[in-house]
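S.K.: Sequence and computational prediction follow.
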Amino acid sequence: GGFSVDGDPNGDKSFEQECKADGTYTAPKQCVPVVCGVPELPPHSELKPGKEAAAFTESMTIMCKAGYSVSGLPDGDKTFDVHCLASGKFSPSKQCKNIDDCSPFGIDCGTHGEC
C-alpha cells in the first residue's frame, strides 16, 4: 500500500505491459506515492509555510497560534507533525490548547490572565 499509478489512494495499483512485435515491452507506468494533500487543521493552528501538500511517507508541520500550545503550558510544544499514511489520509492531529497565562505559583500573570 501507499503507492498507485496516479497517486490516488483508490487508483490502479497494477498495470500491464505488452510484448511488441520487435520483442520489446511497451513502456511501463510508474508507481507513485499516494497523495494526502493538505491536512485538516485543528482550531487555533496553521500550517508551517513552505510545503504545499504531502504524499505517502511525508509529513507536514502544524504550528499553534500565539497563546496556544499542545499541552496548554507556556513552555509546551508549539508545533507537531502529521504524517501522510498509505490510505491517503493524515495521521491523527494533536490539538492546540489555550495557554494558562498564570504561573503555577500565581506570580507571573501574562497579558491574557487574571491571577
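M.R.: The structure has been received and is ready for your questions.
S.K.: Quick check: the closest residue to Val5 other than its chain neighbours vs Val34, distance?
M.R.: Excluding the flanking residues, the one nearest Val5 by C-beta to C-beta, 6 or more residues apart in numbering is Asp12, at 4.4 Å. C-betas here are computed from N, CA, C, even on glycine. From Asp12 over to Val34 the distance is 12 Å, taken as C-beta to C-beta, to the nearest Å.
S.K.: So for those two, which residues contact both of them?
M.R.: The contact sets of Asp12 and Val34 overlap at Ser4 (C-beta atoms under 8 Å, 6 or more residues apart in numbering).
S.K.: quick one, which of these two is more surrounded?
M.R.: Val34 (24 against 11; other C-beta atoms under 10 Å).
S.K.: who are the neighbours in contact with the more buried one?
M.R.: Contact analysis of Val34 by C-beta under 8 Å, 6+ apart lists 1-4, 7-9, 55-56, 84, 86-88.
S.K.: do you know how far it is from Ser45?
M.R.: Noted for Val34: a distance of 24 Å to Ser45, by C-beta to C-beta.
S.K.: same check, this time on Gln30
M.R.: Distance from Gln30 to Ser45, by C-beta to C-beta: 35 Å.
S.K.: neighbour-wise, which of the two wins?
M.R.: Comparing Gln30 with Ser45 by other C-beta under 10 Å, the one with more neighbours is Ser45, at 20 against 9.
S.K.: Pull the contacting residues for that one.
M.R.: Neighbour list for Ser45: Ile62, Met63, Cys64, Lys65, Tyr68, Cys96 [criterion: C-beta under 8 Å, 6+ apart].
S.K.: Specify the beta-bridge partners of it.
M.R.: Cys64 (DSSP bridges).
S.K.: can you pull the pLDDT of it?
M.R.: Ser45 carries a pLDDT score of 97 in this model.
S.K.: Look up how far Cys31 lies from it.
M.R.: From Ser45 to Cys31 the distance is 33 Å (C-beta to C-beta).
S.K.: Please report how far the residue nearest to Gly67 when sequence neighbours are not counted lies from Val5.
M.R.: Nearest residue to Gly67 in three dimensions, chain neighbours excluded: Ile99, at 5.7 Å (C-beta to C-beta, 6+ apart). Distance of Ile99 to Val5, computed by C-beta to C-beta: 46 Å.
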